[in-house]
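Student: got a sequence here, can you build the structure:
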Amino acid sequence: MSILSGLPASSDIEHEAIKELLLQTINEQADQVAYMLQVYHPREKVSSAEVIPGSFQFKSAKVINLKISYILEEFSACSAIDTLQKENMEVTILIDQLAGELELKGEYWPERDSD
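Tutor: The predicted structure is shown next:
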């Protein structure tokens, strides 16, 4: 069953319906989204991933950009200090209605060579 079956992205009403479905799906899969974001931050723990309201940009019927906010948690055992930092990332969502799947792609961060 397709998550967005029968909802062409051609009007504001349909865009609102798609936004609600995406918000619901991403909220239900927040832990998986946090795992995806974890790859970008290997030294911290990522938690509390959520969509930033009003950040939706419909590029086409199958491509949507949005921003996700999340918390980076770091604990220094030597100093016994917890550090929390709020971050944002733009995510591209590719919709495959036939397979009923969403593919999330984060920002491209090229790896730096060792200094």
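
Student: please count neighbours and contacts with C-alpha atoms only from this point.
Tutor: OK.

Student: check this structure for its longest helix and report it.
Tutor: helix 12-28 (DSSP state H).

Student: give me the helices and strands touching it, please.
Tutor: Helices and strands touching helix 12-28, by 3 or more C-alpha pairs under 8 Å, 6 or more residues apart in numbering; DSSP states H and E, are strand 45-51.

Student: the inter-axis angle of the strand it packs on versus helix 12-28?
Tutor: 160 degrees (axes from the mean of the first three to the mean of the last three C-alpha atoms, to 10 degrees).

Student: the helix or strand just after strand 45-51 pairs with which strands, and in what direction?
Tutor: Beyond strand 45-51 on the C-terminal side, the first helix or strand identified by DSSP states H and E is strand 57-58. According to DSSP bridges, strand 57-58 forms sheet pairs with strand 63-76 (antiparallel).

Student: so what are the sheet partners of whichever helix or strand comes after the partner strand and their directions?
Tutor: Beyond strand 63-76 in the direction of the C-terminus, DSSP H and E gives the next helix or strand as strand 81-96. Sheet pairing for strand 81-96, assigned by DSSP bridges, gives strand 63-76 (antiparallel), strand 101-105 (antiparallel).

Student: closest one to residue 56 among those?
Tutor: strand 63-76 (4.6 Å; C-alpha to C-alpha).
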